[in-house]
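In: Give the three-dimensional model of this entry:
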Amino acid sequence: MKGPARVLAQAALYVPLMAILAVFSRWPAFEHIAPGEALVRLSIAHAAERRFPCRKRSEAELAKLPPNMRAAEDCPRERVPLALELEVDGQLLYAAEVQPAGLQKDGLATLYHRQVLPAGEHRIVVRLRDRPLPGVREFNHVRDERLILAGGDSLVIDFNASRGGLEFRR
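Out: Numbers count the residues shown, from 1 in each chain. Take a look at the predicted model:
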């Protein structure tokens with residue numbers, strides 16, 4: 001095919017394809033959340049403290065090791081699980097204990113949770129424990145905020161140790 005016949009054949013193929021794309025770009029309509037609702041997302045990736053403290057090696061222990069392995073301290077790699085609670089308006093909505101990643105349990109503990117709330121004013125309390133506290137169920141990071149969430153709002157709760165711990169972002 002040459003010339004005008006080729007152009008007509010291409011138009012016959014492309015015009016319906018463009019029409020289909022145009023229809024599906026506008027329909028069906030997709031809403032992340034219903035009107036009058038807000039979304040709270042917990043999105044945390046954090047390396048908790050080590051489960052056991054580092055131990056100083058004695059001179060005798062160091063002498064037994066090969067020269068390239070003579071680190072002054074012996075630090076077990078395993079980390080404690082990350083414990084987290086989300087409380088909204090005095091009601092506990094989510095609680096989790098997340099194990100660290102990796103075969104040696106020495107990686108990041110990652111957590112993602114979505115919670116849909118009605119729009120309006122809410123008291124949001126997030127508690128996080130990332131250190132070993134034998135026999136104690138106490139949280140070492142707590143953030144308590146009173147927020148007004150409008151319909152369609154999205155609140156992200158994250159943990160950043162260098163910026164002071166738990167943070168709320170819109």
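In: can we go C-alpha only for contacts and neighbour counts from here?
Out: Will do.
In: secondary structure element for Ala60?
Out: Assessed by DSSP states H and E, Ala60 sits inside helix 59-64.
In: With only the CA atoms kept, save that helix in CSV.
Out: Taking C-alpha atoms only, helix 59-64 is exported to CSV below (Å, rounded to 0.1, in the frame of the first residue of the first chain):
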residue,chain,number,x,y,z
GLU,A,59,42.9,-9.6,75.3
ALA,A,60,42.8,-13.4,75.3
GLU,A,61,39.7,-13.5,73.1
LEU,A,62,41.3,-11.0,70.6
ALA,A,63,44.6,-13.1,70.5
LYS,A,64,42.6,-16.2,69.5
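In: Paired strands for the helix or strand just after that helix, with orientation please.
Out: Counting by DSSP H and E, the element after helix 59-64 in chain order, helix or strand, is strand 73-74. Using DSSP bridges, the strands paired with strand 73-74 are strand 55-56 (antiparallel).
In: So what would you say the end-to-end distance of stretch 27-38 is?
Out: 24 Å (C-alpha to C-alpha, to the nearest Å).
In: What lies in contact with it?
Out: Stretch 27-38 is contacted by residues Leu39, Val116, Leu117, Pro118, Ala119, Leu149, Ala150, Gly151, Gly152, Asp153, Ser154, Leu155 when judged by C-alpha atoms under 8 Å, 6 or more residues apart in numbering.
In: Swap in 10 Å and give it another go.
Out: Taking contacts as C-alpha atoms under 10 Å, 6 or more residues apart in numbering, the residues outside stretch 27-38 that touch it are 21, 39, 115-120, 148-155.
In: Kindly report the same for stretch 111-120.
Out: Applying C-alpha under 10 Å, 6+ apart, the external contacts of stretch 111-120 come out as 33-46, 82, 84, 86, 88, 93-94, 96-99, 147-158.
In: Just those: which are in helices?
Out: With DSSP state H as the criterion, helices contain none of the contacts of stretch 111-120.
In: Buried ones only from those, please, as a ChimeraX command.
Out: Buried residues within the contacts of stretch 111-120, by 16 or more other C-alpha atoms under 10 Å, are selected in ChimeraX with:
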select :37,38,39,40,41,42,44,45,46,82,84,86,88,99,149,150,151,152,153,154,155,156,157,158
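In: Kindly provide the distance from the residue nearest the centre of the chain to Gln104.
Out: Geometric centre of the chain, nearest residue: Ser43, 2.3 Å, by C-alpha atoms, centre = their mean. Ser43 sits 23 Å away from Gln104, going by C-alpha to C-alpha.
In: Pull out the buried positions in stretch 130-142.
Out: By 16+ other C-alpha under 10 Å, the buried positions in stretch 130-142 come out as Asp130, Arg131, Pro132, Phe139, His141.
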